[in-house]
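>>> Structure of the sequence below:
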Amino acid sequence: MTFFRNLALFSSLITFVISCKTDNREVVDTSSVQMDIAVENLDQELFKSKSVQDVQNFLNKHSYLKSLYFTDSQTDTTQLPAQLYNMSQNPGFQEFRAQIDTIIGDRNSNIINPLKEAFKRIKVYYPDFKAPKIQFMVSGFTGSDLYVSDSLVIIGLDFFGGPKSLYRPNVYDYQLRKYEKGYIVPSIVFFLSNKYNYLDAADATLLSDMIGYGKGYEFVKQVMPDTPDSLILGYSEDNLIRTYNSQLDLWSFFITNKLLYEKNELKKQKYIGERPFTVEIGNKVPGGIAKWLGWRIVSRYMEENPKITLQDLMKNGNSGQILQESGYKGQKDEDE
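Below is the predicted model of the structure:
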């Protein structure tokens, strides 16, 4: 399985119940955890270039960028230095870059410090965890939005300007909501969870994919307990409320249509892939609904088995067991 990389008072109360269901577990104490993060502002270094040759020297110095960050670029690598230099000299792009800096705000306060707190919790659960180096980049959408590995994270800040930015990434409208700064840290933590998320390679069912995603979302929730579900899952709060209140019908649809043990990739993608909505169920059901259901199963599993630790959950690749022991059948939480 491959992981790819927001109402009135009454609605807010419902969202609070939904978002905090797993928060009744004791929050780990990180007061004694030391965590240092190496940070590099590559964008500032790049934009100091005074010539194409300076950009070439920058790319030579950070030679890994071509193979890690610019992998999806449509630009010939031989033309990349000139393109990046011309971009940096463009007055319109300079205005855009200044706007991005304003929207993102202080990088330490808004990105590095939240990452540091999440990394501390990861280290409590996994003592061998080492914080990856964090690099910031702006490339005029030539590079990636995020590159995440165990040792290095590159954040393409220009992708996360939100709805008020002068320029937006070339993605579908329904995907744009995820390109705001609030999604940066939860997304990084989700990708880092892959290292600990054991999956049974022999299990090609939709249920296995659902549980895999659910475990990843639960990982983020456990190490970032104050993070709204909307920023973890990528659903608007309207969609979260609607799906929560209609989950019995959603679950019935999956059971009636025998989807849990579906192995056909094209059919699975209808329920787990990125889409504006799940047309097979209805145009008010958001895309990727199977991932949301997977998180509900995992959440109920953790609730029903309070002795299960995050480490236990992440190393359990038996999706059928997790479903069975969750007791989930589309029901809402009992303590609403």
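
>>> mind pulling up the phi and psi values for the residue nearest to residue 46 when sequence neighbours are not counted?
On the basis of C-beta to C-beta, 6 or more residues apart in numbering, the spatially nearest residue to residue 46 that is not a chain neighbour turns out to be residue 58, at 5.5 Å. Backbone N, C-alpha and C define where each C-beta goes, glycine included. The phi and psi torsions at residue 58 (degrees, to the nearest 10) take the values phi -60, psi -40.

>>> What is the burial count for residue 58?
Residues contacting residue 58 under the criterion other C-beta atoms under 10 Å number 19.

>>> these two touch, right, it and residue 51?
No: when contacts are counted by C-beta atoms under 8 Å, residue 58 is not listed as touching residue 51 (10.8 Å).

>>> How is this protein partitioned into domains?
9-27+196-326, 39-193 (automatic domain parsing).

>>> These: lowest mean pLDDT?
Lowest mean pLDDT within the domains of the chain: domain 9-27+196-326, a mean of 90.

>>> where's the residue nearest to residue 46 relative to residue 315, distance?
Taken as C-beta to C-beta, to the nearest Å, the spacing of residue 58 relative to residue 315 amounts to 41 Å.

>>> so residue 252, which of the three states?
For residue 252, the secondary structure call by DSSP: H, G, I helix; E, B strand; the rest coil comes out as helix.

>>> I'd assumed residue 293 was in contact with it.
No: with contact defined as C-beta under 8 Å, residue 252 does not reach residue 293; the gap is 11.5 Å.

>>> Looking at the two, which is more packed in?
Residue environment comparison for residue 252 versus residue 293 gives the larger neighbour count to residue 293, 27 against 12, counting by other C-beta under 10 Å.

>>> Double-check that that one belongs to a strand.
No: with three-state DSSP as the criterion, residue 293 is assigned helix and is not in a strand.

>>> What residues does it make contact with?
Shown here is residue 293, whose contacts under the criterion C-beta atoms under 8 Å, 6 or more residues apart in numbering are 210, 214, 247, 250-251, 254.

>>> got CSV for those, with distance to residue 333 and neighbour count too?
What follows is these, written out as CSV (distance: C-beta to C-beta, whole Å; neighbours: other C-beta atoms under 10 Å):
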residue, distance to residue 333, neighbour count
210, 19, 30
214, 15, 27
247, 10, 19
250, 15, 21
251, 14, 18
254, 19, 20
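
>>> can I get those residues in a markdown table with distance to residue 132?
Compiled in a markdown table, the contacts of residue 293 are given as follows (distance: C-beta to C-beta, whole Å):
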| residue | distance to residue 132 |
| --- | --- |
| 210 | 28 |
| 214 | 24 |
| 247 | 36 |
| 250 | 36 |
| 251 | 37 |
| 254 | 36 |
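
>>> Nearest to residue 180, out of those residues: which one, please.
Nearest to residue 180 out of these is residue 214 (C-beta to C-beta; 23.5 Å).

>>> What separation is there between the closest one and residue 56?
Look at residue 214 and residue 56: by C-beta to C-beta, they are 45 Å apart.

>>> again, but for residue 34
Relative to residue 56, residue 34 is positioned 39 Å away (C-beta to C-beta).

>>> The two: who's more crowded?
For the pair residue 34 and residue 56, the greater number of neighbours falls to residue 56 (16 against 7), based on other C-beta under 10 Å.

>>> If you count neighbours, what's buried in the helix or strand harbouring the more buried one?
Element membership of residue 56 [criterion: DSSP states H and E] is helix 52-61. Taking 16 or more other C-beta atoms under 10 Å as the basis for neighbour counts, the residues of helix 52-61 that come out buried are 54-56, 58-59.

>>> Not counting its own residues, what contacts it?
Contacts made with helix 52-61 from outside it, assessed by C-beta under 8 Å, 6+ apart, are listed as 45-46, 48-49, 65-66, 80-82, 84-85, 88.

>>> Once you drop chain neighbours, what's closest to residue 30?
Once its chain neighbours are removed from consideration, residue 30 has its nearest residue in residue 120; the separation is 3.9 Å (C-beta to C-beta, 6+ apart).

>>> With only the CA atoms kept, save the helix or strand harbouring the one you found in PDB.
Here residue 120, judged by DSSP H and E, is contained in helix 113-125. The C-alpha atoms that make up helix 113-125 are tabulated as PDB, following Å, rounded to 0.1, in the frame of the first residue of the first chain:
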ATOM      1  CA  ASN A 113       8.400  24.100  17.300                       C
ATOM      2  CA  PRO A 114       5.300  22.000  16.600                       C
ATOM      3  CA  LEU A 115       7.500  19.500  14.800                       C
ATOM      4  CA  LYS A 116       9.800  19.500  17.700                       C
ATOM      5  CA  GLU A 117       7.000  18.700  20.100                       C
ATOM      6  CA  ALA A 118       5.700  15.900  17.800                       C
ATOM      7  CA  PHE A 119       9.200  14.500  17.500                       C
ATOM      8  CA  LYS A 120       9.600  14.400  21.300                       C
ATOM      9  CA  ARG A 121       6.500  12.300  21.600                       C
ATOM     10  CA  ILE A 122       7.700  10.000  18.800                       C
ATOM     11  CA  LYS A 123      11.000   9.600  20.700                       C
ATOM     12  CA  VAL A 124       9.100   8.600  23.800                       C
ATOM     13  CA  TYR A 125       7.400   5.800  21.900                       C
END
